[in-house]
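> structure of the sequence below:
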Amino acid sequence: MKKYILATILTVAFSINSNAQESKIVEETPISQVSIYDTKATSDINDIKPYVKLTADLEKNLHGLFRAKHKMLFNAKDDAAKATIKEGIEMKLVSIIGRDNVAKVKANATLFEKLMN
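Numbering: from 1, shown residues only. Down below sits the predicted model:
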């Protein structure tokens, strides 16, 4: 009986040890891509500042939103995916800065188009 228990324990120990040695490949965004996304997000924030009064928290949230927007649009496969992303970005923009401020931005069609692309 002791031999069966020992064999079971050794089997489990070796299987755990062999699984721990498997390498996991994580796909990371290249550094140049990260800086491009940040630069574009900062540009979008600078464009929206004359129309919307931004606090530090709003600016941080908008930077994250615009950075994600540029990354998702870069990775989008087709126009349908891009349209879906743009709708989501517009909804998130409303939730961050409010409907009144989005209306101010939409009044300038060129700015709104730039922020959505």
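> just the element for the residue nearest the centre of the chain, please.
In the chain, the residue lying closest to the centroid (C-alpha atoms, centre = their mean) is residue 68, at 3.5 Å. Element membership for residue 68, per DSSP states H and E: helix 56-75.
> which elements pack onto that helix?
Here helix 56-75 touches helix 31-48, helix 79-97, going by 3 or more C-beta pairs under 8 Å, 6 or more residues apart in numbering; DSSP states H and E. Glycine gets a C-beta too; all of them are placed from N, C-alpha and C.
> so which residues make contact with that helix?
Applying C-beta atoms under 8 Å, 6 or more residues apart in numbering, the contact partners of helix 56-75 are 29, 33, 36-38, 40-42, 44-45, 48, 52, 54, 82, 85, 89, 92-93, 96-97, 115, 117.
> quick one, what contacts residue 85?
Under the criterion of C-beta under 8 Å, 6+ apart, the neighbours of residue 85 are 69, 72-73, 76.
> again, only using 10 Å
The contact partners of residue 85, by C-beta atoms under 10 Å, 6 or more residues apart in numbering, come to 68-69, 72-73, 75-76, 116.
> now that we have these, which one has the most neighbours?
Within these, residue 69 tops the neighbour count with 23 neighbours, counted by other C-beta atoms under 10 Å.
> just for this protein, where's the confidence low?
For the chain, the stretches with pLDDT under 70 are 6, 10, 12-34.
> now, of the contacts of helix 56-75, which are buried?
With burial judged by 16 or more other C-beta atoms under 10 Å, the buried subset of the contacts of helix 56-75 is 36-37, 40-41, 44-45, 48, 52, 54, 85, 89, 92-93, 96-97, 115.
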